[in-house]
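Chemist: Sequence and predicted structure below; questions after.
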Amino acid sequence: MKRVSIARWLVVSFFFPVAFQSVADDVEADVEEVIVSATRREESVMDVPMSVQLIPGEKFEKPTYKHVKDVYALVPGAAIASAGGKPPQSEGLQMRGSGALAAQADFTINPVGYYIDDVAYVDINSTTPPQVGTYDLAGIEVLRGAQGTTYGTESSAGAIILRTNPVDLSEFSYKTRVGMMSYMKGADMGMTYGGVLNVPLVEDKLGIRLAYLSEEDPGHAEVEGRPAVDDAMAEDRDSIRAKLTWKPSDAAEITLNHSEWNTTYGFEIGSNLIDSSGGTMIVHPMEKDFTLEKYPSGIPANETEISWSTARAAFDMGPMELSYTYGSVDSARDSDSENRLYGISTLTTQYSDTASHEIRLVSQEPLSLGGITVDYIAGYTSIDAESFSTQFIDGANPDAPNDYTVTRRMQDHSAMYGELGINLTEQITILAGLRSSEDDRLNDTTQTLREPGDPPMGPYTGTVTNSADPVDNFEGDGYRFGVQWRPVENGMIYLTRSKMERAPVLMSLADQQQIINAGFADLASASTAPGEQIATELGAKFTLADGDLEFEVAYAINEWNEIPLLQNLGNWVYATIGGTAGDINSFETMINFNLTDNLSLAYAGSFVDSEITAIPTSAPNYPPVLQVGGELYNYHPNTHAVTANYSTDLQNGWEGYMSGSYTYRSTMNGFESYTHAANTEYSAARSPYKYGNLTVGATKDEWDISMSITNLTDFDEAYLGGSSDSVGGHGAILLYPRALHLTVSYSTM
């Protein structure tokens, strides 16, 4: 959508609610307020001066939203975009154009931040969200726009806040769940079972909450020449959570949380892929001696293990709350695959260990200063991360010999941040926030070439190359300023402007020399400049129709500078190149409407437009697909998501319910790792993204029985853009096929 069209939408969206409110009865809302903690204090979602979306915990009781990634379909303007990886390793959520950044090309902090129970989740080996299932989640808050002055991580494009259910210190309770699922294309059946146990150990003082869930996905692919293999994409996932809360006094609360997510699967989505144009994913078995030594059957067995431990101590100090949080992520990933198109096989193991600390003050009561009141947030955060990875690579030709690479990475990140909300009058509030951060990063790589006669899996006895680069130091600043105006009691209009600086992609001296040797000296220095995002957001929120209708609209302009690209420069020389700048305009609308006591509707939509504003002027080898005045990539120009919920009384005390949603995302353009310099246009996804689900069930007392269909549209085509030769790349990744789920649960909670 062009800017003129967006401007017309803005006129209608911002002024229609004001006119509607002027003639509406001045009656208090008679429905329950939706409370979020986006500003680090609990308040109504309609009072938060930013674009916030809450996905309530009730949705997660249904198998249609069993993983965090399943809720992305409800987020306007979101994209699951990857420039240089395949799910589940690189399946992170992108918002407001952040998909244009090849952030996972080298370790950095994700432009979309993730938090679980107020604790930052950071894994420098992955830009994906935590592999947490949605079972026993209280809700997910989606915050669009820069959040670095409110939260500890940079979060230049937004933040995802996952909140687990709290420990009940007064009532013993439990719930259980048993279910099955099967793809309708004839795969085997997968079982799900789990439960939650809440035990108050000392009434109102000490309690524990335990949760466990086991999920089996039977898979949905065929292996070429191996009809007996019917579980090529099978996946088993176990989730465990233990949460302990202690209240030594009315003014203090300490919570400890430990979670583990273990996932085992065969082929990665998209790896070993031959074809998917017929609606079925067809993969080839492992074929090279190199990989058959590890997998004699030709069928890989990949695994991801993540452990997540946190501690939170909060102290009520009257007008303010003082809190400290600690988080630790330990992850291990096996990622083994072959690529028939390019003739390369990789066997990769990654380990990472990340620790975060955060201390902050949050006002609970406004501070009075000479006739005005002030709300405030002040915090300090530090993140210490280390990763270790090993990779065997089997090259396609003598110019790309086999090698064994060991990489050690370290990152220290610290930041001070704070915000003020200055309430000038009951109608006008001034917002001001600052952030100052520092990053120290180290990359240490040892590469050993394979000599004739060396075993495929080592040890290798060839040339050894060490690359220990000096510590890279980066200091960045950020701000957010704005104004909030309440023209009527049940509505607000806000305007904010923010800037966040990003550390440059770490380009080692050895990498730069490799690019120079390949004949691309003009690009070697383009990736060393720091990045920057400047965002301006104008939004409005109104509660209408006696509280039954909530309307929100936001228009954001995001200026991304020094966008890094991961590009193949030939002879398997890859470079992360910066120097591109672009503007991305987003118009977003959310509507929640309670039509009756039994029926509610929700709509979330977005229109996105982009324009490249700069490319390196001294880079004749820069990809010709990128032109000043042209468009960027990895976003959906428009998104529409509709959700409906209905309930009714049945016989014998049962209550029936039905819930369904449908999401449409227009076709996106892709920029791949394998984009060649000769490409003059993007390769779009084969078709738009279409996804729907439906749940029908009945509940009585503690029982709940439901039947669900996921991917109701039976859309199983590629929805990510890719280069024209990317068979096995993003252009051929499928959505999960249609599946049927049956779930029975019993809960006293």
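Modeler: Perfect, thanks for sending it. Numbers count the residues shown, from 1 in each chain.
Chemist: helix/strand/coil for the closest residue in space to Glu222 that isn't next to it in sequence?
Modeler: For Glu222, the nearest residue in space outside its immediate sequence neighbours is Ile282; the separation is 5.1 Å by CB to CB, 6 or more residues apart in numbering. Bear in mind the C-beta positions are built from the backbone N, C-alpha and C, glycine included. Secondary structure, DSSP: H, G, I helix; E, B strand; the rest coil: Ile282 is strand.
Chemist: Cross-check the contact I'm expecting between Ile282 and Leu273.
Modeler: Yes: here Ile282 lies in contact with Leu273, judged by CB atoms under 8 Å, at a distance of 7.4 Å.
Chemist: Would you check how far apart the spatially most central residue of the chain and Lys175 are?
Modeler: Centroid-nearest residue in the chain, with CA atoms, centre = their mean: Leu93, separated by 3.2 Å. Using CB to CB, to the nearest Å, we find Leu93 at a distance of 28 Å from Lys175.
Chemist: cool, and Glu559?
Modeler: Relative to Lys175, and taking CB to CB, Glu559 is found at 47 Å.
Chemist: And those two? Which one has more around it.
Modeler: It is Lys175, of Glu559 and Lys175, that has more neighbours when counted by other CB atoms under 10 Å, with 20 against 16.
Chemist: ok, what's across the strand from that one?
Modeler: In this entry, Lys175 is beta-bridged to Val196, Ser747, by DSSP bridges.
Chemist: can you check Thr373 too?
Modeler: Ser368, Asn423.
Chemist: Just confirm it contacts Pro319, I think it does.
Modeler: No: shown here, Thr373 and Pro319 do not form a contact pair, counting by CB under 8 Å, at 11.1 Å.
Chemist: if I look at these two, which residues touch both of them?
Modeler: Common neighbours of Thr373 and Pro319, using CB atoms under 8 Å, 6 or more residues apart in numbering, are Leu367.
Chemist: Tell me what the residue nearest to the centre of the chain is bridged to.
Modeler: Ile80.
Chemist: Glu532 now?
Modeler: Beta-bridge partners recorded for Glu532 (DSSP bridges): Glu501, Asn561.
Chemist: So Thr373 and Pro319 - more neighbours on which side?
Modeler: More neighbours surround Thr373 than the other of Thr373 and Pro319, with 15 against 11 (other CB under 10 Å).
Chemist: What separation do you get for the more buried one and Asp47?
Modeler: Counting by CB to CB, the gap from Thr373 to Asp47 is 15 Å.
Chemist: Checking the residue located most distally from the centre of the chain next. Helix, strand or coil?
Modeler: When each C-alpha in the chain is compared with the mean C-alpha position (CA atoms, centre = their mean), Gly453 comes out farthest, at 44.5 Å. At Gly453 the chain is in coil, as set by three-state DSSP.
Chemist: Could you find the closest non-adjacent residue to Glu293?
Modeler: In space, and not counting its chain neighbours, Glu293 is closest to Pro456: 4.8 Å by CB to CB, 6+ apart.
Chemist: Surely the one you found is within a helix?
Modeler: No: with three-state DSSP as the criterion, Pro456 is coil rather than part of a helix.
Chemist: I'd guessed it sits against Ile393; true?
Modeler: No: the criterion here is CB under 8 Å, and Pro456 misses it with Ile393 at 11.3 Å.
Chemist: so what's in contact with those two at the same time?
Modeler: By CB under 8 Å, 6+ apart, the residues touching both Pro456 and Ile393 are Asn402.
Chemist: coming back round to it: give the residues shared as contacts by Ile282 and Leu273.
Modeler: Counting by CB under 8 Å, 6+ apart, Ile282 and Leu273 have no common neighbour.
Chemist: okay, those two: which has more neighbours?
Modeler: Leu273 (27 against 16).
Chemist: how about low-confidence regions in the stretch 351-500 of the chain?
Modeler: 396-401, 468-471 (pLDDT under 70).
Chemist: which stretches of the stretch 551-700 of the chain have low pLDDT?
Modeler: Ranges of the stretch 551-700 of the chain meeting pLDDT under 70: 566-575, 618-621, 671-679.
Chemist: Which residue ranges of the chain form helices?
Modeler: 3-23, 289-292, 509-517 (DSSP state H).
Chemist: And these, which one averages the lowest pLDDT?
Modeler: Across those, helix 3-23 has the smallest mean pLDDT, namely a mean of 46.
Chemist: count of neighbours near Gly327?
Modeler: 25.
Chemist: can you pull the contacts of the residue nearest to Glu293?
Modeler: Pro456 is in contact with Asp289, Phe290, Thr291, Glu293, Phe392, Asp394, Asn402, counting by CB under 8 Å, 6+ apart.
Chemist: try it again with 7 Å
Modeler: Counting by CB atoms under 7 Å, 6 or more residues apart in numbering, Pro456 touches Asp289, Phe290, Glu293.
Chemist: Just confirm the second one contacts Ser345, I think it does.
Modeler: Put plainly, it is Phe290. Yes: the pair Phe290 / Ser345 is scored as a contact, 5.5 Å apart, by CB atoms under 7 Å.
Chemist: Now the common contact residues for the two.
Modeler: Asp394.
Chemist: Can you show me the strands along the stretch 251-400 of the chain?
Modeler: Under the criterion DSSP state E, counting those that start in this stretch, the stretch 251-400 of the chain contains strands at 252-265, 273-275, 281-283, 302-316, 320-339, 344-363, 367-369, 372-394.
Chemist: so of the ones you listed, which one's packed in deepest?
Modeler: Looking across the strands of the stretch 251-400 of the chain with neighbours counted as mean count of other CB atoms under 10 Å, the highest average goes to strand 281-283: a mean of 24.
Chemist: What is it packed up against?
Modeler: Applying 3 or more CB pairs under 7 Å, 6 or more residues apart in numbering; DSSP states H and E, one finds that strand 281-283 contacts strand 221-223, strand 273-275.
Chemist: Which one of those strands lies nearest to Thr354?
Modeler: Shortest distance between Thr354 and the helices and strands packed on strand 281-283, using CB to CB, is found for strand 273-275: 31.5 Å.
Chemist: ok, the closest one: who's next to it in the sheet?
Modeler: strand 281-283 (antiparallel).
Chemist: Surely Glu501 and Glu532 touch.
Modeler: Yes: assessed by CB under 7 Å, Glu501 is found in contact with Glu532 at 5.3 Å.
Chemist: more neighbours, these two?
Modeler: Neighbour count, other CB under 10 Å: between Glu501 and Glu532, Glu501 has more, with 23 against 17.
Chemist: With Thr613 as the reference, measure out to the more buried one.
Modeler: Glu501 sits 18 Å away from Thr613, going by CB to CB.
Chemist: quick one on the thing from earlier: separation between the residue farthest from the centre of the chain and Gly462?
Modeler: Taken as CB to CB, the span from Gly453 to Gly462 is 11 Å.
Chemist: Specify the beta-bridge partners of the residue nearest to Glu222.
Modeler: Going by DSSP bridges, Ile282 is paired in beta bridges with Glu222, Asp275.
Chemist: My understanding was that it contacts Met233; is that so?
Modeler: No: counting by CB under 7 Å, Ile282 does not reach Met233; the two are 11.2 Å apart.
Chemist: Now the common contact residues for these two.
Modeler: In contact with both Ile282 and Met233: Ala221, using CB under 7 Å, 6+ apart.
Chemist: Many thanks, we can stop here.
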